[in-house]
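Enquirer: return atomic coordinates for the entry below.
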Amino acid sequence: MQSPMIVMPPSAQERLDRIEQVLQPQRQALLEHDVYQKIRDAASLRTFMQYHVFAVWDFMSLLKALQQKLTCVAVPWLPTENNLGRRLVNEIVLGEESDEDGEGGFCSHYELYQASMRQMGADGYLIDRFISRLGQGRDVTAALYESDLPRSIVQFVTNTFDLIASDNLCAIASGFTYGREDLLPGVFQKIVEQVNSELSGSASKFVFYLERHIELDGDHHGPMAHRLLSHLCGDDDDKWQAAEDAALRSLEARQLLWNGMLEALAY
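Expert: Numbering: from 1, shown residues only. Modelled structure (predicted):
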């Protein structure tokens, strides 16, 4: 099935360009963060993955929040009003929740990331303990604190779920659009490829994960997310301001998470 053509009116593109301009200092700081200089071998990459997996997981939660608001996920099914939003979000869900796994099957990007952690020998006890609490019926706040997680992870996930709880569709869409994994720079992929080579392919699943994100986010999901955001905000100044504020908060939270990784890698 062919993806819908991404065409935005000039006014919408100007609004998106403004947000990009406002975010540029934070984005640049993340892309040039000192944490990447600390990832030199398999051990440091494993530590990075223990933290980063939470960003992969809560990205899926933002996506499902959008799907809940723009589509019908209840029975009996009823049609929703936003046809374009429904199409765009369902298209993204298909790729993120049921992507190719590189072995002839399908899985979510979160599950692909978990598989790459297991292959690398990265300890998944932090995320596993948290997910287990959620599976037992705890709400996100309780699960975060009962799991005894590092403060930077708690702050990061809390920001995401505060965004979801705001019930502001434009803010949620903005956090999804601008808090994406394109914040991993090219130098990071080179580090992973080098580790994979040194470990005779033991990081091959992680290499595949990164390649899929580059392909999907750059060519498909990124443009779709921008189109969705502009469609939802329209010409409403208040909605665009909410989108800008949410984007800034998302990058600030990511900065705190990266700082936590850097601190963990210093030991």
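
Enquirer: average pLDDT for stretch 38-58?
Expert: Throughout stretch 38-58, pLDDT has a mean value of 93.

Enquirer: can you show me the CA trace of it as CSV?
Expert: Listed next in CSV are the C-alpha coordinates belonging to stretch 38-58 (Å, rounded to 0.1, in the frame of the first residue of the first chain):
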residue,chain,number,x,y,z
LYS,A,38,32.0,8.0,26.4
ILE,A,39,30.7,5.1,24.3
ARG,A,40,33.9,3.4,23.2
ASP,A,41,33.3,-0.3,23.7
ALA,A,42,30.6,-2.9,24.2
ALA,A,43,30.4,-2.3,28.0
SER,A,44,29.6,1.4,27.6
LEU,A,45,27.2,0.7,24.8
ARG,A,46,25.3,-1.7,27.0
THR,A,47,24.9,1.0,29.7
PHE,A,48,23.7,3.4,27.1
MET,A,49,21.1,0.9,25.9
GLN,A,50,19.8,0.3,29.5
TYR,A,51,18.8,4.0,29.6
HIS,A,52,17.8,4.5,26.0
VAL,A,53,15.3,1.7,25.9
PHE,A,54,13.0,3.8,28.0
ALA,A,55,12.9,6.4,25.2
VAL,A,56,12.0,3.7,22.7
TRP,A,57,9.2,2.4,25.0
ASP,A,58,7.7,5.8,25.7
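
Enquirer: list the buried residues of it.
Expert: Neighbour counts over stretch 38-58 (16 or more other Cβ atoms under 10 Å) mark 39, 42, 44-58 as buried. From N, CA and C alone the C-beta is placed, and that goes for glycine too.

Enquirer: isn't Leu229 up against Thr177?
Expert: Yes: in this structure Leu229 lies within contact range of Thr177 using Cβ atoms under 8 Å: 5.1 Å.

Enquirer: so which of these two has more stuff around it?
Expert: Shown here are Leu229 and Thr177; by other Cβ atoms under 10 Å, Leu229 has more neighbours (28 against 24).

Enquirer: in the helix or strand hosting that one, what's buried?
Expert: Assigned by DSSP states H and E, Leu229 falls within helix 222-233. Across helix 222-233, burial judged by 16+ other Cβ under 10 Å covers 222-230, 232-233.

Enquirer: these into JSON lines, with extra columns for pLDDT?
Expert: Putting the buried residues of helix 222-233 into JSON lines (pLDDT from 0 to 100) gives the following:
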{"residue": "Gly222", "pLDDT": "81"}
{"residue": "Pro223", "pLDDT": "86"}
{"residue": "Met224", "pLDDT": "88"}
{"residue": "Ala225", "pLDDT": "90"}
{"residue": "His226", "pLDDT": "90"}
{"residue": "Arg227", "pLDDT": "91"}
{"residue": "Leu228", "pLDDT": "93"}
{"residue": "Leu229", "pLDDT": "94"}
{"residue": "Ser230", "pLDDT": "94"}
{"residue": "Leu232", "pLDDT": "95"}
{"residue": "Cys233", "pLDDT": "95"}
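
Enquirer: max pairwise distance over those residues: which two?
Expert: Gly222 and Cys233 (17.0 Å; Cβ to Cβ).
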